[in-house]
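K.L.:
pasting the sequence and the predicted coordinates here, then a few questions.
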Amino acid sequence: MNKKLLPIAALIISASAMNAYAVNGKVNFTGEIIESTCTVTSGDQNKDVFIGKYPTSAFATKGDVTASKAFTINLEKCEAGDYSLRFDGPSVAGNPNLLSVDQAGGVGIEILTNDEKIIPINQDADASSPWVNVATTGDASGTATFNLKARYKSFLDKVTAGSANASATFTIEYK
């Protein structure tokens, strides 16, 4: 009978040996839940920006751009603090700063700040992102405006004709 229990005991011991764990570190998660910090004004929640119609000849070489079209995103009811803007949408493969357009080839949409800083697509806010500061008197009535531009930019030497529409969502990030 002992001969029958010996293989079972060996199996139990080997199975428990595989479950040994080592402690290598620890992760601390921090954060805070706060009241809504800002509201996008109702007229800017769904924005249409007409960049324009351009011939393919406007893009003689890779990197050519069209004239920029200015647009704004306005915030209201903000608490005091710093706010940034993040854009998410389909980007052009190998060109993370360009939104992919629906039909035209070799061209994408570039979003910039008013001072010509390129806003990357699908990336968290950093020092080069558009930031606004809101100073309030404590009643959370602060307002702010993101002044932005959009333009077409070629990423190939040859651009082909077609509609050049794209959509992106935006998120206001509180610092």
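P.N.:
Sure, I can see it. Numbers count the residues shown, from 1 in each chain.

K.L.:
gap between Tyr58 and Val107?
P.N.:
Actually, residue 58 is Ala rather than Tyr. To Val107, Ala58 is 10 Å away according to C-beta to C-beta, to the nearest Å. Any C-beta I mention is one placed from the backbone N, CA and C, and that applies to glycine too.

K.L.:
more neighbours, the two?
P.N.:
Shown here are Ala58 and Val107; by other C-beta atoms under 10 Å, Val107 has more neighbours (27 against 16).

K.L.:
just the pLDDT for that one.
P.N.:
Note on Val107: pLDDT of 97.

K.L.:
ok now do it, which residues does it touch?
P.N.:
59, 101, 152-156, 159, 164 (C-beta atoms under 8 Å, 6 or more residues apart in numbering).

K.L.:
ok, 7 Å please
P.N.:
59, 101, 152-154, 159, 164 (C-beta atoms under 7 Å, 6 or more residues apart in numbering).

K.L.:
now do Lys153
P.N.:
Per C-beta under 7 Å, 6+ apart, neighbours of Lys153: 63, 65, 98, 107-108, 110.

K.L.:
again with Tyr54
P.N.:
66, 152.

K.L.:
that one belongs to a strand?
P.N.:
No - going by DSSP: H, G, I helix; E, B strand; the rest coil, the assignment for Tyr54 is coil, not a strand.

K.L.:
with adjacent residues omitted, what lies nearest to the residue nearest the centre of the chain?
P.N.:
In the chain, the residue lying closest to the centroid (C-alpha atoms, centre = their mean) is Asn122, at 3.1 Å. Leaving aside its sequence neighbours, Asn122 sits nearest to Asp88 (C-beta to C-beta, 6 or more residues apart in numbering; 5.2 Å).

K.L.:
how many residues are close by that neighbour?
P.N.:
Counted with other C-beta under 10 Å, Asp88 comes out at 13.

K.L.:
test my guess that it contacts Ala168.
P.N.:
Yes - proximity of Asp88 to Ala168 meets the contact threshold set by C-beta atoms under 7 Å, at 6.2 Å.

K.L.:
between these two, what contacts are shared?
P.N.:
With C-beta under 7 Å, 6+ apart, Asp88 and Ala168 have common neighbours Ile121.

K.L.:
quick check: longest strand of the protein.
P.N.:
As assigned by DSSP state E, the longest strand anywhere in the chain is strand 142-154.
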